[in-house]
Structures are given as C-alpha cells and as structure tokens.
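Participant: I would like the atomic coordinates for the input below:
(one chain, ligands or ions: 1)
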Amino acid sequence: MSDVQGRTGLIVGVANKRSLAWAIAQRADAAGAQLVLTYQNERLKENLDELAATLSRPPLLLPCDVSRDEDIAALFDHLSGRSEGLDFLVHGAAFAPREALSAPFTQTSREAFRIALDVSAYSLIALARGAAPLMVTRGGGSIVTLSYLGSDRVFPNYNVMGVAKAALESSVRYLAADLGTQGIRVNTISAGPVKTLAASGISGFSGILQVYRDRAALKRNIDGSDVADTAMFLLGPASRGITGEVLYVDAGYRVMGM
Ligand code: 0WE
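Facilitator: Numbering: from 1, shown residues only. Take a look at the predicted model:
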C-alpha cells in the first residue's frame with residue numbers, strides 16, 4: 001500500500017535496466033501503480049519487453065520518440081481512448097550527441113545544441129501538454145522530471161547537457177505556474193551521478209563518482225533506489241504542497257562548501 005497505489009502513470013525514458021526511469025518504474029509498480037512505458041524505437045522495444053515482463057502488473061508499452069511531434073500526438077491519442085486518465089508522468093529522457101560531451105564547450109555545434117535541448121528539455125513541455133487533459137479528468141496530477149546539478153555548475157564535459165538541464169529546470173517552474181491552476185504539480189529530482197548506461201563510456205565519469213563520494217555529506221554515491229523513493233514522494237499526495245521545485249537527491253553533495 002502506498003501513495004501511488006491504484007494510480008495510473010506514464011513513464012518516458014526507460015532505455016535499459018540501469019535507467020533511473022526504470023528504477024522509478026519498478027518502485028511505482030511495486031507500490032501498486034498501473035504503468036504505461038514508452039520506447040524510442042523497435043531496437044529498444046525488445047529491451048523494454050524483457051524489463052516489462054519482470055513487473056507485477058503488465059504495463060502498456062507504446063512507441064514514442066520524444067523528438068517527434070507525431071509520436072507524442074499518437075501516444076496521447078492512444079491514452080485518451082482508454083478513459084482511465086493519468087495520475088502521474090515521469091520524464092527521464094535526455095540526449096546530447098556524444099561529441100558534444102567530449103569536445104571543448106566552445107565547439108558546441110548548432111545541431112548538437114538543438115538536439116540536446118529538443119530531446120532533453122522541450123520534450124517535457126510537449127509531454128506535459130499531452131498529459132494535462134488526462135490528469136484533469138482525474139482531478140489533478142503530478143509530473144516529475146530528472147535533472148542534474150550541471151544545470152547550475154560546470155562539470156567537465158557535461159557541456160551542452162548543462163544548458164539543456166538549465167532549460168529543463170526553468171521549464172519546470174513555468175509549467176508549475178501554468179498547470180497549477182488545474183491541480184497539476186511539476187517538480188524535478190536533481191540526482192547525483194549514477195553509473196547508468198548513458199553515463200558509462202563518458203571519459204572521467206568514475207572520477208566524478210569518486211569526487212561526489214568523497215565530498216557528499218553522506219560520504220556515498222546515490223543509486224536508483226534513492227531516486228525512486230523520492231519520486232514516490234513527489235508523485236504521491238504526501239508532496240501535495242510542493243510544485244515548481246528542484247529536489248536534490250545527491251547524498252548532500254550540493255550543500256557542502258568544501
Ligand atoms: O544527464 C546525464 C547524462 C545524459 C547523457 C549521456 C549521454 C552519453 C551517451 C546525454 N546524452 C548522452 N549522449 C551519448 O551519446 N547525466 C547527469 C550523467 C552524466 O553525463 C555526463 C556527466 C554526468 C554526471 C557527461 C559528462 C560529464 C558528466
């Protein structure tokens with residue numbers, strides 16, 4: 001029994017078993033939520049099929065490449081035809097072309113900038129717009145997205161993703177103001193670094209993990225379960241008075257002065 005028990009939620013951004021969106025999906029499923037999960041393309045669908053089979057309730061799997069308006073329209077067309085509406089949305093999609101995460105920031109191309117902000121920030125606005133009417137039928141809802149402190153501070157190689165996360169966090173505040181009148185809350189979890197598949201292969205990533213472990217108040221790194229528990233709080237009624245916020249799930253890294 002929990003806050004999201006009997007609720008219906010859409011989770012976007014599960015790419016593999018190490019995705020933070022997957023950690024949230026597992027926890028929401030265990031808590032009794034009915035889930036809709038999206039996959040970006042047919043190659044990733046096979047992955048998601050295997051993961052979905054491990055959940056206690058079979059989720060609905062739908063295609064959605066968040067950079068395509070047609071995909072987002074088709075997703076919400078499908079969900080509108082189902083009548084039960086939507087109680088929550090989890091957005092965990094992010095992408096920047098690999099070269100933009102290794103070359104000097106001044107080398108960021110117009111195309112890499114466009115892709116990073118489109119996939120990682122604009123997609124939240126488009127998905128929130130689609131989800132809002134379905135949430136209104138349920139008397140309100142909760143939207144949670146995933147961010148990183150690179151929005152505010154410089155981390156080596158995070159580069160244009162930092163710019164995208166700044167846009168994402170600002171979008172959270174504007175969406176919270178816009179959708180608050182409909183009883184829809186919008187918040188973001190700023191997670192400490194986790195060795196997801198997206199992060200592996202980033203040069204210097206284990207160095208970042210080590211700096212976090214050394215400096216964080218709790219002297220450890222965080223994992224998917226830390227993020228998932230905070231997500232349950234933000235998705236459920238316990239956080240009913242919170243919107244437009246950035247919650248740091250970083251073992252206390254950000255508050256340390258040295
Ligand atoms: O937001 C992220 C990762 C996002 C990400 C990762 C990749 C790798 C593969 C976006 N796009 C891509 N594109 C690829 O081709 N994080 C918070 C994790 C992360 O990524 C970093 C970090 C941290 C922390 C990249 C450089 C430096 C630090």
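Participant: Tell me if Ala73 really is in a strand.
Facilitator: No: per DSSP: H, G, I helix; E, B strand; the rest coil, Ala73 lies outside any strand segment and is helix.
Participant: For it, which non-adjacent residue is closest in space?
Facilitator: Leaving aside its sequence neighbours, Ala73 sits nearest to Gly130 (C-beta to C-beta, 6 or more residues apart in numbering; 7.6 Å). C-betas here are computed from N, CA, C, even on glycine.
Participant: Contacts only, for the one you found.
Facilitator: Ile72, Ala73, Leu75, Phe76, Leu79 (C-beta atoms under 8 Å, 6 or more residues apart in numbering).
Participant: and which of those residues is nearest to the ligand?
Facilitator: Here the nearest of those to the ligand, counting by C-beta to the nearest ligand atom, is Ile72; it sits at 19.7 Å.
Participant: State the number of residues packed around that closest one.
Facilitator: Counted with other C-beta atoms under 10 Å, the neighbours of Ile72 add up to 20.
Participant: cool, Ser171 as well?
Facilitator: 19.
Participant: dump the residue contacts of it.
Facilitator: Counting by C-beta under 8 Å, 6+ apart, the residues that Ser171 touches are Ala121, Leu124, Ile125.
Participant: These in strands, which ones?
Facilitator: Nothing among the contacts of Ser171 maps onto strands, per DSSP state E.
Participant: returning to what we had before: distance-wise, check the residue nearest to Ala73 relative to the ligand.
Facilitator: Here the criterion is C-beta to the nearest ligand atom, to the nearest Å. By it, Gly130 lies 23 Å from the ligand.
Participant: Over to that residue. Which of the three states is it?
Facilitator: Under three-state DSSP, Gly130 comes out as helix.
Participant: again, but for the one 5 residues further on
Facilitator: Secondary structure for Met135, judged by three-state DSSP, is helix.
Participant: in stretch 28-35, what's buried?
Facilitator: Ala28, Asp29, Ala31, Ala33, Gln34, Leu35 (16 or more other C-beta atoms under 10 Å).
Participant: Weed out the non-buried ones from the contacts of Gly130.
Facilitator: By neighbour count, with 16+ other C-beta under 10 Å, the contacts of Gly130 hold Ile72, Leu75, Phe76, Leu79 as buried.
Participant: Make CSV out of the residues you listed and add pLDDT and distance to Ser19.
Facilitator: Converted to CSV, those look like this (pLDDT from 0 to 100; distance: C-beta to C-beta, whole Å):
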residue, pLDDT, distance to Ser19
Ile72, 98, 19
Leu75, 98, 18
Phe76, 98, 22
Leu79, 97, 21
